[in-house]
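[1] Here's a sequence, model it:
(chains A and B)
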There are 2 protein chains.
Amino acid sequence: MHGRRVGIIGASSTRFGERYDASLIELAWEAFREAVREANVEPRDIGFTVVSNFGSWSSELLPAVSVSEALGLSAGSLRVEAACSSGSAAVKIAHDVISSGQAEVVLALGVEKMKESPNPSVMELIGRAGNYFWEFENFGLTFPGYYALYATAYMNRYGAREEDLCEVAVKNHHYGSMNERAQFRNRITVEKCMSSQYVAWPLKLYDCSPITDGAAAVILASEDFIRAHGGEATWIRGIGAATGTSNLSRRADFLGLEASRRAASEAYARAGMDPGRAVHSLDVAEVHDCFTIAEVMAYEDLGFAERGRGVELAREHQTYKGGLIPVNLDGGLKAKGHPIAATGESMIAELHHQLLGRVGGERQADIRNGAALAHNVGGTGHYAYVTILSLGREGE
Amino acid sequence: MHGRRVGIIGASSTRFGERYDASLIELAWEAFREAVREANVEPRDIGFTVVSNFGSWSSELLPAVSVSEALGLSAGSLRVEAACSSGSAAVKIAHDVISSGQAEVVLALGVEKMKESPNPSVMELIGRAGNYFWEFENFGLTFPGYYALYATAYMNRYGAREEDLCEVAVKNHHYGSMNERAQFRNRITVEKCMSSQYVAWPLKLYDCSPITDGAAAVILASEDFIRAHGGEATWIRGIGAATGTSNLSRRADFLGLEASRRAASEAYARAGMDPGRAVHSLDVAEVHDCFTIAEVMAYEDLGFAERGRGVELAREHQTYKGGLIPVNLDGGLKAKGHPIAATGESMIAELHHQLLGRVGGERQADIRNGAALAHNVGGTGHYAYVTILSLGREGE
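    From the prediction side, this is the model:
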């Protein structure tokens, strides 16, 4: 690595869910207010702003400008979009702007108002976020359908059962029930999940993440700034990104996401971690569980389990606290909610607080190695971003 | 500056205009094909891809994925949006990704298909790209209306006449007529401009840039890569960016764009140029002439003329070749066309070729100082990006 080291000095997520009480700008402000307070900086300290927003359902076409103004920011800004991984893409860009020396402090802020979508519907708009030309008009597939293809392939090849997928939902609702900002705070059982209605076989209602309003903010700074400024920080150890084919028909298989594997490989290399041993170096992970099958595939794509054995982690409760590696202690996309372009910042905010021991209570992971990983997918592996954080500054 | 130096090794714009002959992806391919040929690299050399696309009029919701696949790129990617300055924002991000050491070669590609917009119309969608909440629903303003406010204020304060604004259009059509890829290749006269119909008084048809399809690509690389790879390059000397208020009612005046002034100041400082003398250090400039009044204000905001005297540059033909500084030798947004998020890359591609003497013919500027500037505005000063290129690697 040639650039400067970059740390996170403040982060926050709003309450996720139905947020008819707040406009897009007000949601942004909610997340920002807490993040600047934790960072102990002023809006004038922020030298660049990256806003992630998918926003096809929004009438506010220049969210980065409207958000900047509401937050009192006048430095350069832009919006980034990488589908459901937009938030991690924003953090990567914020990192690179600082690492290159172009700014000392950068805000990455994701915000999404999905509940007030005009026509076409959110479901149609998300469906278009595959390859519109090849897949939307012709197949009529929307996202539950895409992930159902993965679930059936995985079940067929590896003998996973619907009950195993439900275990992921049960875990994520378990942790969501303890997260006061989660969209769903009800605990569920495998039986309840199994008896929920089918959305796209074999995926049922409880296998699917919801439509969500919310915002999340991450404030990053250069090592120089952090040293001069004082206060605690977590550090960006490595980021990996990859782009997959937009045509599902060209995927080699439906058993995992190739883009996730490539992004993870790059992130581990940059962080100086052995991919085969990484799971033992991480204290906690956030993975992209837009559907329960996605979390199982992520276990394998990230090297937490061998191919075909991710389902065992779910079955054996190895991704609860006390298991091999705790995953989605905030409830994940499934229970915390999934405001498309704010999800990445929300994952990274959670890990920042986990590493610093600021989550507290039953959701707090044991921090031994001082390292954590966020895995954020756009589309069905159209994009993948993997971000590794650590308490120490070591690394490449 | 802490990061690595970054150069441009290849760039291209497609033919701009009505491009019903090509899809969004085919336009992207046209621009990319020429840029990789000039850069003499392979798709596999590209370590990150930044796609700029406004795209509210597009059914392809993940343009960065679809474009990456069509171009044979599988590295990380994302889309950036900064309204009409999206293209310059993409080049800034590409620069920072390389400068930080995260990649050696990065593609910034802008593409826009505006002619096939569904409802709502392109004009309405562009109109929303102010502050939707405060200005679109309430005022019903679209962009010619916004810039007419600037034109009337400027005319009133500084005694500019409609004929003076028309001089900008005459110049840009003059150079557009020599650019085989320009949307408009007809030369016009002040009389013809003056007799064209009013769009929003005092702006007439010939004061306005058109609705355009097109794409442009810029391939950037690290100094290490360029030295090892060989071939000619131009260098990023400095980039400035600023965000202005999204509420026109909060602008201090309507005589210039504060964001442009701040972005220019930052770019000059990074390039080590004295703002008051910069016009004498630059061989050629591209400025954001979405309307003729915008080019006049840009002369002042960039320090080419004092406040209130930009109109004299137009009146005295000082921005033709042989004058104080040649501006928009490719025809500008006015005549070359303005495919929103591709305009920035197109400006920077033009300057890259100007500095290397590859434009040739009557449009080729005299290159003496080896420096050039691109000024790209989003909205009505909601965003501003200023990019300074040079033939040498000197700078900060």
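[2] use CA for all of it now, contacts and neighbours both
    Noted.
[3] Next one: A:Phe16 from chain B, what distance?
    23 Å (Cα to the nearest Cα, to the nearest Å).
[4] pretty sure that residue is in contact with A:Pro210, am I right?
    No - A:Phe16 lies out of contact with A:Pro210 (Cα atoms under 8 Å); the separation is 10.4 Å.
[5] Give me the common contacts of these two.
    A:Gly337 (Cα atoms under 8 Å, 6 or more residues apart in numbering or on different chains).
[6] So the two - more neighbours on which side?
    Shown here are A:Phe16 and A:Pro210; by other Cα atoms under 10 Å in any protein chain shown, A:Phe16 has more neighbours (23 against 20).
[7] List the residues that contact the more buried one.
    For A:Phe16, the contacting residues are A:181-183, A:212-215, A:336-337, A:339, by Cα under 8 Å, 6+ apart.
[8] change it to 6 Å
    Residues counted as contacts of A:Phe16 (Cα atoms under 6 Å, 6 or more residues apart in numbering or on different chains) are A:181-183, A:213-214.
[9] Just the residues you listed: which are in strands?
    Among those, the members falling in strands (DSSP state E) are A:Gly214.
[10] top of the contacts of A:Phe16 by neighbour count?
    Going by other Cα under 10 Å, A:Gly214 tops the contacts of A:Phe16 with 34 neighbours.
[11] Per-residue pLDDT of the residue lying closest to that one once chain neighbours are set aside, please?
    Nearest non-adjacent residue to A:Gly214, counting by Cα to Cα, 6 or more residues apart in numbering or on different chains: A:Phe16, 4.8 Å away. For A:Phe16, the pLDDT comes out at 98.
[12] Can you verify my assumption that A:Leu220 contacts A:Ala11?
    No - using Cα atoms under 6 Å, A:Leu220 is not in contact with A:Ala11, being 8.9 Å away.
[13] Worst mean pLDDT across the helices and strands of chain A, which element?
    helix A:137-139 (a mean of 59; mean pLDDT, DSSP states H and E).
[14] Just the buried residues of the helix or strand that that helix is followed by, please?
    The helix or strand immediately downstream of helix A:137-139 is helix A:143-158, counting by DSSP states H and E. For helix A:143-158, a neighbour-count test (16 or more other Cα atoms under 10 Å in any protein chain shown) marks A:143-155 as buried.
[15] Just give me the closest of the residues you listed to B:Leu329.
    Ranked by distance to B:Leu329 (Cα to Cα), the buried residues of helix A:143-158 are led by A:Phe143 at 47.3 Å.
[16] quick one: the helices in the stretch 251-396 of chain A?
    A:258-271, A:278-281, A:292-301, A:310-315, A:332-336, A:343-355 (DSSP state H, counting those that start in this stretch).
[17] Near A:Met114, how many residues? Count them for me, please.
    A:Met114 has 25 neighbouring residues, counting by other Cα under 10 Å.
[18] quick one: contacts for the residue of chain A most remote from its centre?
    Taking Cα atoms, centre = their mean as the measure, the residue most remote from the mean C-alpha position of chain A is A:Ala228, 30.5 Å away. Neighbouring residues of A:Ala228 by Cα under 6 Å, 6+ apart: there are none.
[19] Check the contacts of A:Phe16 against B:Ala372 and report the nearest one.
    Using Cα to Cα, those come closest to B:Ala372 at A:Gly214, 42.8 Å.
[20] Is that closest one bridged to anything, and to what?
    Note on A:Gly214: beta-bridge partners by DSSP bridges are A:Glu112.
[21] Now do the same contact list for it.
    Neighbours of A:Gly214 in contact, by Cα under 6 Å, 6+ apart: A:14, A:16, A:111-112, A:339.
[22] Leaving out sequence neighbours, find the closest residue to the residue in the stretch 201-350 of chain A positioned nearest to chain B.
    Residue nearest to chain B within the stretch 201-350 of chain A: A:Ala242 (3.8 Å; Cα to the nearest Cα). Distances taken as Cα to Cα, 6+ apart put B:Gly76 closest to A:Ala242, at 3.8 Å, once the chain neighbours are dropped.
[23] do A:Asp289 as well
    That would be A:Glu295: by Cα to Cα, 6+ apart, it lies 4.6 Å from A:Asp289.
[24] Give me the neighbour count for that neighbour.
    A:Glu295 has 27 nearby residues by other Cα under 10 Å.
[25] I appreciate the help and will end here.
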